[in-house]
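**Q** Here is my input; please provide its structure:
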Amino acid sequence: MIRKMSLLFVFFVLAPLCLAQEPQSAMIGGNVEVLDKVSLDIRGMDILDVLKMLAVKANLNLVIDKNVSGKVTVFLKNVSSTKAFDTILASNGLAQENKDGITRIMTVLDYEQSHGYKYNDIYKTKRVDLKYLKPADAAGILNQ
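**A** Now for the predicted structure:
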C-alpha cells in the first residue's frame, strides 16, 4: 500500500515537476514555430509511465505494445520533448511507427518481425552519370 502511494506521489506530484517547459521559437520553413523544451531527471521509473508523460507533453496519440516493459533512468536538460521521446525509445531498444496520427511503440524485434526489415534501416540512392556506356547497354547488363 505504501509503495503504491509513493508511486502515485512520484507520478502525479514529482513527474510534472521534472518536465520544465521553456518555450523557444525557431525559423522552420520560413515560419516561426514554438519549440517546447523539457528537462528530465528520472531514476528507475517504469517506461510506460515515462512514455505516457512525454506523450502528453508532446501531444502524441500512443499505442504501446504488450512486450514493451522496463525501467528508465534518464537525465536530459533543455531538449525538445520529441527528441527526449526518440532518445528514450532508442536507448531502450524500442521502435515507433506513425500512422494516421497514432504512434505505435513496439520492441525493435517486433518491428522487424512485422515489417520484414530492421528498424531505422537506411537505404541510399545514388545517381551515377554514365560516361563510357550507353543507357541501352546498361539496361541490358542490369536486367541480367
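**Q** Give me the distance between Leu60 and Glu97.
**A** Distance of Leu60 to Glu97, given as C-beta to C-beta, to the nearest Å: 12 Å. C-beta coordinates here come from the backbone N, C-alpha and C atoms, glycine included.
**Q** any residues in contact with both of the two?
**A** Thr103 (C-beta atoms under 8 Å, 6 or more residues apart in numbering).
**Q** In terms of neighbours, single out the busier of those two.
**A** Neighbours per residue (other C-beta atoms under 10 Å) separate Leu60 from Glu97, with Leu60 holding more: 19 against 14.
**Q** what pLDDT does the spatially most central residue of the chain get?
**A** Most central in the chain under C-alpha atoms, centre = their mean is Asp86, positioned 2.8 Å from the mean C-alpha point. pLDDT for Asp86: 88.
**Q** Mind checking what secondary structure it has?
**A** Put simply, Asp86 is helix when judged by DSSP: H, G, I helix; E, B strand; the rest coil.
**Q** Which residues are in contact with it?
**A** By C-beta under 8 Å, 6+ apart, the neighbours of Asp86 are Gln96.
**Q** Likewise for the one 10 residues further on?
**A** Contact partners of Gln96, counting by C-beta under 8 Å, 6+ apart, are Asp86, Leu89, Thr103, Arg104, Ile105, Met106.
**Q** Measure how buried Ser80 is and give me the count.
**A** The burial count for Ser80: 17, using other C-beta under 10 Å.
**Q** how close does it sit to Asn143?
**A** 47 Å.
**Q** One more: Asn78?
**A** Distance, Asn78 to Asn143, using C-beta to C-beta: 54 Å.
**Q** Neighbour count for those two, which is higher?
**A** Just comparing Asn78 and Asn143: by other C-beta under 10 Å the higher neighbour count belongs to Asn78, 10 against 6.
**Q** From what I see, that one and Asp36 are in contact.
**A** No - under the criterion of C-beta atoms under 8 Å, Asn78 makes no contact with Asp36, lying 10.5 Å away.
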